[in-house]
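Asker: task: produce atomic coordinates for the following.
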Amino acid sequence: MNHNDLIKRSPTFSDNEGIRDTDPLVEVPTSGEPGRTKVHVKQLLSLFMAINFLSYFDRGLISGVLTKIKSDDRMMVDGETLSDAKAGIAVSAFMAGFMICSPIFASVGGRFRPSYICAFGLVVWCGAVVLTSLSSSYAMLVSIRSLVGIGEAAYCGFIPTMIDDIAPASVRTFYIGLYFAMIPVGAAVGMAAGGVLGGYDHILGFRGWQFPFAAEGVFMLPLVLCIMRVPPSVGNGSTAKVSQKKLENVGINTLADDRASQSSWSLPPATLTVEKQSYPSALKAVTSLVKNPLFLLTSFGYAMYTLVLGGVSAWGIAFLEQGQLNMSSGGASVTFGLVTAVTGLAGTAVGGWYVDNGGGSKGNVGMIRCHWFNIIAIFISVPFGIGAFLMPSVPPFVCLVFVAEFALFATTSPVNAILLESVSAEMRTYAMTFSILIIHAAGDFPSPILIGAVSDLFSEGCPDHKDKLTCLADVDSHCKWCVSDDKNTKSICRNETQLRNALLICYAILFVAPMLWGVALTITKSKKSKEYEEDIDAEAE
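Answerer: Below is the predicted model:
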């Protein structure tokens, strides 16, 4: 039987128009029905990227308006302006709902259509962000932000699995990277939008900092209808698995090149035995993941990445405004947002492209390649990041933080490829859900709060000064009077080095990531050696 009998090819050129198809159609099984469904890969990828963009636009947005929230007279607690620690809680509040609900949504993936679960989560998310725009007290704001986490919990684990199902193998890491690149891009645009729009007193009846929350909810609604049309078998954890040896036995060296170059593919059941995996229970999945050191080490190393990124994203703009660099609110938001957007998009894409062109991220060899890339990138990022926060002026800060963030974001695609590859196909949704739970719980959930608390420790009493004269008179404490450009918020006294010191400590913690990934690399090398020995024994027999 020849190659063409095994791989069903759709025409490379349209039969009617003779125009090359630029959006490949990948055929996937139709759940519960005979036959296969054609999926437009690039259209689905664009949909998933748009959802991730808006999700992280919201994350960046609350960071961009954080100084406005702190000084909003309606957000005061017991008549006092919010401390940095309490402001950090407002940023991290979404994690409360996320941590409770993400395992629940992952466990029902085998009973309900994944696209419908995602749609439900998006509806909850839309409602929560619109309610954020109506918040009139600190308690109300924190409560509503927890609902955002519930919505995100419903779709965060399924979408990466859907991409892994439809992505051509030769560009798998790159496609994963494009999706995750929307994290920094969305956050950066959100920061910039928050800084600019937050400077207005009112927009269409909303206070300036609250208006963009209502707008993002409206923009997300059409995507709910789009994701409901995703075929049920995409992302349900029961994707067909075909072993490499079986393909070689019938004359195919690899399926990857054909999936990458052809507009559709299928495997005839008469030729190959296709193993359809059942969706595991939550208990079985958790037990499996806890016993998987490669998954755990990679996830906790990734958590150090998100701890730093979450902390810098939450407090970076405030550092530029209230620290020694003395930038305006709008200027700080645009500068930090632009750097984050460019480095996030370029770094994430370059990381995925480099790994794919170096041989890909599949198998133990691919994971070893990803581990080495990630470790080297972090060792580049840390010294540049620490140096950036020590700079006395904006230009050198921007140059150093650009290199630091580019290297940091370059690890995004490889580390997520490792997470997907470290488990069996039916475990991927659980793996992504619990890895996201880990990186949030140990990363960007505590980091804004901890950085805020550490910053308060370095304040040296400056926030106690309630007027400009007494603030500026306290020269020994490096106090600085931060003037608000919004009449709805008030000016405050700050120590100009308190956020810098807290962010330096935060960035230094990133050194923990390559230590954990180094152990994971050793484990992966051991697995590769064991596989090689088994192949030698099989050939001898």
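
Asker: list the contacts of Pro514.
Answerer: Gly301, Asn374, Ile375, Ile378, Phe379 (C-beta atoms under 8 Å, 6 or more residues apart in numbering). C-beta coordinates here come from the backbone N, C-alpha and C atoms, glycine included.

Asker: out of the residues you listed, grab the one that's most surrounded.
Answerer: Asn374 (29 neighbours; other C-beta atoms under 10 Å).

Asker: for that residue, what are phi and psi?
Answerer: phi -60, psi -40 (degrees, to the nearest 10).

Asker: with adjacent residues omitted, what lies nearest to it?
Answerer: Computed as C-beta to C-beta, 6 or more residues apart in numbering, the closest residue to Asn374 that is not its neighbour in sequence is Thr411, at 4.4 Å.

Asker: export the contacts of Pro514 to JSON lines and tack on pLDDT, distance to Val124 and secondary structure?
Answerer: Converted to JSON lines, the contacts of Pro514 look like this (pLDDT from 0 to 100; distance: C-beta to C-beta, whole Å; DSSP: H, G, I helix; E, B strand; the rest coil):
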{"residue": "Gly301", "pLDDT": "95", "distance to Val124": "31", "secondary structure": "helix"}
{"residue": "Asn374", "pLDDT": "95", "distance to Val124": "33", "secondary structure": "helix"}
{"residue": "Ile375", "pLDDT": "96", "distance to Val124": "38", "secondary structure": "helix"}
{"residue": "Ile378", "pLDDT": "96", "distance to Val124": "35", "secondary structure": "helix"}
{"residue": "Phe379", "pLDDT": "96", "distance to Val124": "40", "secondary structure": "helix"}
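
Asker: need these in CSV (columns: distance to Ala332).
Answerer: Formatted as CSV, those follow (distance: C-beta to C-beta, whole Å):
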residue, distance to Ala332
Gly301, 30
Asn374, 30
Ile375, 32
Ile378, 26
Phe379, 29
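
Asker: what about the residue nearest to Asn374, distance to Ala377?
Answerer: 5 Å (C-beta to C-beta, to the nearest Å).

Asker: correct me, but Met327 touches Thr335?
Answerer: Yes - using C-beta atoms under 8 Å, Met327 is in contact with Thr335, at 6.8 Å.

Asker: which residues do these two both contact?
Answerer: With C-beta under 8 Å, 6+ apart as the test, Met327 and Thr335 both reach Leu320, Val394.

Asker: of the two, give the one with the bigger neighbour count.
Answerer: Higher neighbour count among Met327 and Thr335: Thr335, with 23 against 20, using other C-beta under 10 Å.

Asker: what sits against the more buried one?
Answerer: Leu320, Met327, Val394, Val398.

Asker: pLDDT score assigned to the last one?
Answerer: Right, Val398. Looking at Val398, its pLDDT reads 93.

Asker: try the second one
Answerer: According to the prediction, Met327 has pLDDT 83.

Asker: and the third one, by the same measure?
Answerer: Here the pLDDT value assigned to Val394 is 90.

Asker: show me where the stretch 351-500 of the chain has its strands.
Answerer: Along the stretch 351-500 of the chain, counting by DSSP state E, counting those that start in this stretch, strands occupy 479-482, 492-495.

Asker: can I get the last one as CSV, trimmed to CA atoms?
Answerer: This points to strand 492-495. Only the C-alpha atoms of strand 492-495 are listed here, as CSV (Å, rounded to 0.1, in the frame of the first residue of the first chain):
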residue,chain,number,x,y,z
ILE,A,492,-0.5,60.8,47.8
CYS,A,493,2.9,60.7,49.4
ARG,A,494,5.2,57.8,48.5
ASN,A,495,8.8,56.7,49.0
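
Asker: show me the helices in the stretch 201-350 of the chain, by range?
Answerer: Ranges of helices within the stretch 201-350 of the chain are 211-227, 244-249, 256-261, 282-290, 293-322, 329-357, based on DSSP state H, counting those that start in this stretch.
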